[in-house]
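A.B. asks: Compute the structure for the input listed below.
(chains A, B, C and D)
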Amino acid sequence: MDLQDTPAEAEFRRGLRDWLGKVLPDVPSPPDPLDWPARRVHDTAWQRRLYDAGYAGVHWPREAGGQGATPAEYLIFLEETERAGAPYVGANFVGLLHAGPTIAAEGTPEQRRRWLPGILSGAEVWCQGFSEPGAGSDLAALRTRAVRDGDDYVVTGSKLWTSHAEVADWCELLVRTDATAPRHRGISWLVLPMDAPGVTVRPLRTLIGTTEFAELFLDEVRVPVANRVGAENDGWRVTMVTLSFERGTAFAGEVVACRRALAELAGLARRNGAWEDSGLRRSLGVLSARFGALWRLVQWNVSEAQGGGVPGPGASVFKLCFSEARQELYDLAAAVLGSGALVLADGADGADGADGAGDDWTAQRLQGLSYTIAAGTSQIQRNIVAQRVLGLPKPGRA
Amino acid sequence: MDLQDTPAEAEFRRGLRDWLGKVLPDVPSPPDPLDWPARRVHDTAWQRRLYDAGYAGVHWPREAGGQGATPAEYLIFLEETERAGAPYVGANFVGLLHAGPTIAAEGTPEQRRRWLPGILSGAEVWCQGFSEPGAGSDLAALRTRAVRDGDDYVVTGSKLWTSHAEVADWCELLVRTDATAPRHRGISWLVLPMDAPGVTVRPLRTLIGTTEFAELFLDEVRVPVANRVGAENDGWRVTMVTLSFERGTAFAGEVVACRRALAELAGLARRNGAWEDSGLRRSLGVLSARFGALWRLVQWNVSEAQGGGVPGPGASVFKLCFSEARQELYDLAAAVLGSGALVLADGADGADGADGAGDDWTAQRLQGLSYTIAAGTSQIQRNIVAQRVLGLPKPGRA
Amino acid sequence: MDFRLTDDQIALQTGLRELLEGRFGPERLRAAVAGAGSGADDDGLPLWSELSDAGLFSLRKPERSGQREGGLGLGLAEAVLAFEEVGRALVPGPLVATELATVHASLPPHRAAGLCRRQPAGRGPLLVERLPALAVLLLPDTLTGEVRSLSPSALRARGRRGVDPLTPLWEVQGPVPDGEPLPGVDAGRLWAEGTLLTAALQVGLAGRAVATAVGYAKQREQFGQPIGAFQAVQHLCADMLARTEPARAAVRAAAVGADAGVPTAELSVEIAGAKLLADQAAVRGARDCLQVHGGMGFTWEADVHLLLKRAWVYEGSFARTPESAEVLAEGLSVAGLGHGAGHGVGHL
Amino acid sequence: MDFRLTDDQIALQTGLRELLEGRFGPERLRAAVAGAGSGADDDGLPLWSELSDAGLFSLRKPERSGQREGGLGLGLAEAVLAFEEVGRALVPGPLVATELATVHASLPPHRAAGLCRRQPAGRGPLLVERLPALAVLLLPDTLTGEVRSLSPSALRARGRRGVDPLTPLWEVQGPVPDGEPLPGVDAGRLWAEGTLLTAALQVGLAGRAVATAVGYAKQREQFGQPIGAFQAVQHLCADMLARTEPARAAVRAAAVGADAGVPTAELSVEIAGAKLLADQAAVRGARDCLQVHGGMGFTWEADVHLLLKRAWVYEGSFARTPESAEVLAEGLSVAGLGHGAGHGVGHL
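C.D. replies: Numbering: from 1, shown residues only, chains lettered A, B, ... in the order given. Modelled structure (predicted):
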């Protein structure tokens, strides 16, 4: 057990820190969250800077155009960029963390040449078309239909929770290509050009009041068969393969962000007197223990992944704990803020100067409600832990 | 909505209080909990006093020898006896609260004449033979077999969690009389004489270290067919009928006891300084709110039962909340006691004089662990609330 | 003792529920949300005249035959039943302050009132709901026991974006003027009644959260069966109910006790318990309702978020959890508790 | 960074686990419980010589070739792995104090030591585990930083019935004599190490609770299927694991940090977090394990109660939750936390 950087890791960290220190002062402040074109420009410009500096696709294999870094180095990348306050991956999320790795692993050489460079350089933006109104936790229930017609699939259906759809060039799309096969066996993985006729994007307003996601309506959209990654009806496996790319790093940056937020909250509590409430103060302490342990769990999972093994106690244990801790953090923030928890920050940039409102704790609290739902509800995570990690039997037919 | 006594209720309360004030000073202190014969004597002597004073079977119908009191009056009985520190129903529990009401409702005139007077006067003690090693939450899985042979059943099997078995005269016994029928339809309800040949009682030691319960082994025990209450194979319904006799009063006295314990704990915390810890102090306050509300829930359930309706939000909601609140009460006691929570009181009577040990909070904490398990686990209670109260569908065959 | 509703109480409850289902159903609710923040409706008070005419605010006012200002002469028991219903319907507005001002400060029909208590530094901004729409502002001082009334125009305040779209908030800036004394009104009593009525709103809201979650769980299918058939969802719903019903019993019992003249010390403990439990039932219930809805609960259209946001608002209105817990703790050490069944059980 | 165990660490872990499975399996455990309280074994220390010979107490002692008193020269990282195993095996005895006395006070092999810190009034009686069996008692004073040693016979104490049958307790009566100074030993460091080793015991115990619950849930059938097929039971077990593994990571990381010379302020925060999480994982895990066992868990024979009772004992040993939470809260306001990723993440 060793938690210190190896010489190579220390070198990587030093280089990255130096570079961040140099470039971050020049990075423009983030645009209005409702201005989608501006957000695309901002996010892809940052990706371009990473690309030019040799930090694009840190964790991608070299043969896919990435840096071939170890999981531990990628963790250092996530940690240092978050600590330094570098822009979030934003509009490049799906391309860099999901669609790209999938194409790198399962695509043909031609598909890799066509799509990977655009993702790495920030030239092209991707979105994800997986969930459907009737297929949430039960993704394999998806019904968007793709019917072969010559060299094309004709795709009809609708998708939900498609982030950055308004400004995406491409969509990684799961479709049903065989309606008669068992649920998991009739699915294919396609690359949908977002400008194809028949694609309609409708912004989806969340409880935060903003439109971070969209609905996608597909009405007889023609997608070339050449855009299928992996074999026909093998899309479920293709999707699952991609998840292994995370190698224990999912939400790692967010743990760093939560620890910073917790320290800020403690400062706020000291200033406004809430610190005198021993119950509240100790709750902050307990949460500090939990986020500290979650960071250690990340390091453990990453170490196991680096060694080629199963990632430590597993991504599901981590996701379960992290989601709840993050929600509690912002519930605790509400207790510290008192009546300030009932208002949102005034400015569009989330800053109105007053202590405890400038960082918009309330908006973060609302945002946090999605953590026990998105990317597998906590109920689903517990099923996975119980059945796959602990080996308990699947529910039967009693 | 009226929470005040009616004139009749007030009169009943006054009479009961006066009587308790007169007789309680003469009641001997409770015997060593391990001395079973002494416990039987103590408990049945108290029942005899109630009987002589006209308080035996307060809630039983008059035609069964009871007092025919309303549920509200029975609630007053439970409240006042608990407040006054009267002896617990103890060894008379099964007879008075379960077997007796069953016989009163489902027995023949002869069966009622044979068994009810002995229960009311304290002359005879009953125990319950329902649960089995393989039939706990799933009681209908019971396998103790009764085979008809002339005018007898020949009974073989084993039972668990039989309280007061060491000193009981009779046992209300559930047996399987038809192994081929659907689970719930092959069960019969028998009265087993505990002195019958083939009955073996083995004390069962609990985690408290005492033997409050026993295992019952039945080896070809002959039970007269005349001892069957209700029709053959109709025992499941007979058992369920009895539960309706509670009419919202189950655990009512225990809520009163918990409120007293909580007040004592607050006093203890004030004396030992734990009160200065605002988190602990407020937790005591929150628990006070919960027990207060539970008492109101009892009143609600009893009122609905009295009106002939379904008992309020239901016994399962109450049981769920009460079990958890009682466990939290004694966990909180441990926090107040500090290292005192790691020792048990010295004397057999649970008193060693020192503050915070004399009442044996630790033993009560251990005892409380059974509350989310016995009489239907909290998991089963939630199933019942979800399916029977809220109408959610039974789990299917996905 | 008979804790069941009387026939009159049932009639009041069902009458109001039917009125609200007709006048403030899902579409009207959505329209109100859509209008909020646009400026159009910020000063308006949805449903105010109907509720005023239906007697919601004057339930507890003494009857005065033939006069328009007369009330129904009912008690807090009836008031909490009515407030459960408006809470369930998610009716917005300064409902509680308006009721208090109608009963204690002769607020005329169809008008709205606000309430504002100075709070210790560091407990966040001093916020008033729908300030421009108010006819009067009540200022209870629970230390001196005095209540004062103030014209809202005398306050300097700026509009804030409230977390609940139907609860627009104004932040008071600078000192609060003294206002005029309201003789004969006790600040402690006013605060206690407001706390209890807010608890009733929460209980109604918590009940709606249970019903909404259960309704969705019966209809939404995943993995080939309604999600309500999964034990995890069943247990979430069961726990929601198991928090709501004790809170409901506590709220109603406190109201009955108040009407029966239970002593102030005992009553304030009962009301603190009712509010604390109602807040927990509503906030956690709304959270769990959202969880049962999964992704759908995270959408603006699904209304589920309105439950949670409103529950947060009520949680922050009148006595909050830490304050209530202290009152309850203090109540545990009232003289006489050491022996006997103790406080609260006694009032029978 | 490589947080995985080294081959040597794996060998240490599996070796000790196998030793304990052989020497302190279910039957030996039950025999020890049966013997306890009978007077026969109260002064005895089950397995003490074997554990001493296996090097449990001298793991961290410097090597001294050819001498009987030499240790293995390993670090806290190895010690916490070993203590996870003895915690898992439910080995009784003053394990932590004996380790500390072996490392810091030259306690000879096969002997046992106790530890006793004066506590504030009102926190309950001053208890010492297995007092008559101890060779020495360490008295750390975390205010002055001084550690003193005392002969157990100098204490006036009376036996108490401990809640854990395998942790017999003596209550100190009257003042604690001063004892002899132990030069060169820092009380804060001793307390921190003891806290961390106790946390390791809890993590081992929590892991056993998960395994025991899962094992029972796979085998026990009700309603026609193993109870482990019910989502309610599955989720109980999943949450048990989800509390245990972060605690395990925290304990091991703190030990690694201590070996790597992390500064005291940072280390004490890490250790406080490790103990707090390990206590929660063990106590709640043992509770949930009992719940999974249903009625069987309530029997003396089922051993499940031993997990819970021991978890309570460890929870009360060295830093308790309120103390740890305060240390953690204080750590949140250490200078430099306002900007950057903050404390603890930094030590990479």
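
A.B. asks: what's the helix-or-strand element of chain A with minimal mean pLDDT packed up against?
C.D. replies: Scoring the helices and strands of chain A by mean pLDDT, DSSP states H and E places helix A:235-243 at the bottom, with a mean of 86. Contact analysis of helix A:235-243 by 3 or more CB pairs under 8 Å, 6 or more residues apart in numbering or on different chains; DSSP states H and E lists helix A:100-106, strand A:170-176, strand A:187-193 as its packing neighbours. Quick note: C-beta positions are derived from backbone N, CA and C, even for glycine.

A.B. asks: Mind doing that once more with 6 Å?
C.D. replies: Helices and strands touching helix A:235-243, by 3 or more CB pairs under 6 Å, 6 or more residues apart in numbering or on different chains; DSSP states H and E, are helix A:100-106, strand A:187-193.

A.B. asks: Let's have the ones you listed in TSV, adding mean pLDDT and distance to chain C.
C.D. replies: Below are the helices and strands packed on helix A:235-243 laid out as TSV (pLDDT from 0 to 100; distance: least, CB to the nearest CB, whole Å):
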stretch	mean pLDDT	distance to chain C
helix A:100-106	95	22
strand A:187-193	98	16
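
A.B. asks: which one of those lies closest to A:Asp151?
C.D. replies: Among these, strand A:187-193 comes nearest to A:Asp151, with 13.1 Å by CB to CB.

A.B. asks: Which neighbouring elements make contact with the closest one?
C.D. replies: Judged by 3+ CB pairs under 6 Å, 6+ apart, strand A:187-193 is in contact with strand A:170-176, strand A:228-229, helix A:235-243.

A.B. asks: What about C:Pro120, how many residues nearby?
C.D. replies: Close neighbours of C:Pro120, defined as other CB atoms under 10 Å in any protein chain shown, add up to 8.

A.B. asks: Show the backbone phi and psi for it.
C.D. replies: Here is the backbone geometry of C:Pro120 (degrees, to the nearest 10): phi -60, psi 150.

A.B. asks: Show me what stretch C:21-39 is in contact with.
C.D. replies: Here stretch C:21-39 makes contact (CB atoms under 6 Å, 6 or more residues apart in numbering or on different chains) with C:41, C:46-47, C:50, C:89-91, C:165-166.

A.B. asks: just stretch C:238-251 next, same as before
C.D. replies: Residues contacting stretch C:238-251 (CB under 6 Å, 6+ apart): B:293, B:296-297, B:300, B:313, B:317, B:320-321, B:382, B:385-386, C:80, C:199-200, C:203, C:206-207, C:210, C:273-274, C:277-278, C:280-281, C:285, C:288.

A.B. asks: Any of those residues buried? List them.
C.D. replies: Using 16 or more other CB atoms under 10 Å in any protein chain shown as the burial test, the contacts of stretch C:238-251 include B:293, B:296-297, B:300, B:313, B:317, B:320-321, B:382, B:385-386, C:80, C:199-200, C:203, C:206-207, C:210, C:273-274, C:277-278, C:280-281, C:285, C:288 as buried.

A.B. asks: Out of those residues, which sit inside helices?
C.D. replies: The members of the buried ones among the contacts of stretch C:238-251 that map onto helices under DSSP state H are B:293, B:296-297, B:300, B:317, B:320-321, B:382, C:80, C:199-200, C:203, C:206-207, C:210, C:273-274, C:277-278, C:280-281, C:285, C:288.

A.B. asks: secondary structure class for the residue in chain A that chain B sits nearest to?
C.D. replies: Nearest residue of chain A to chain B, counting by CB to the nearest CB: A:Gly279, 3.3 Å away. Secondary structure state of A:Gly279, per DSSP: H, G, I helix; E, B strand; the rest coil, is helix.

A.B. asks: Show me the shaky parts of the chain.
C.D. replies: I'll assume chain A. Chain A contains residues with pLDDT under 70 at A:243-244, A:309-313, A:347-359, A:397-398.

A.B. asks: wrong one, I was asking about chain C
C.D. replies: Across chain C, the ranges flagged by pLDDT under 70 are C:37-44, C:65-69, C:333-348.

A.B. asks: Grab the most central residue of it for me.
C.D. replies: With distances taken as CA atoms, centre = their mean, C:Thr198 lies nearest the centre of chain C, 2.4 Å away.

A.B. asks: ok, now which ones touch it?
C.D. replies: C:96, C:314, C:317-318.

A.B. asks: Which residues of the stretch 151-300 of chain C lie near chain B?
C.D. replies: Taking CB under 6 Å from any CB of the partner chain as the contact definition, the stretch 151-300 of chain C meets chain B at C:214, C:223-226, C:228-229, C:234-235, C:237-238, C:241-242, C:245-246, C:249-250, C:252-253, C:256, C:273, C:276-277.

A.B. asks: What ranges does chain A have for its helices?
C.D. replies: Under DSSP H, chain A gives helices at A:7-23, A:36-53, A:71-84, A:93-94, A:100-106, A:109-121, A:235-243, A:252-272, A:278-306, A:315-337, A:361-368, A:378-384.

A.B. asks: Name the residue of the stretch 1-150 of chain C with the shortest distance to chain B.
C.D. replies: Residue nearest to chain B within the stretch 1-150 of chain C: C:Phe3 (4.0 Å; CB to the nearest CB).

A.B. asks: what's near enough to touch that residue?
C.D. replies: By CB under 6 Å, 6+ apart, the residues touching C:Phe3 are B:1, B:299-300, B:303.

A.B. asks: Give me the neighbour count for C:Ser153.
C.D. replies: Number of residues near C:Ser153 (other CB under 10 Å) recorded here: 10.
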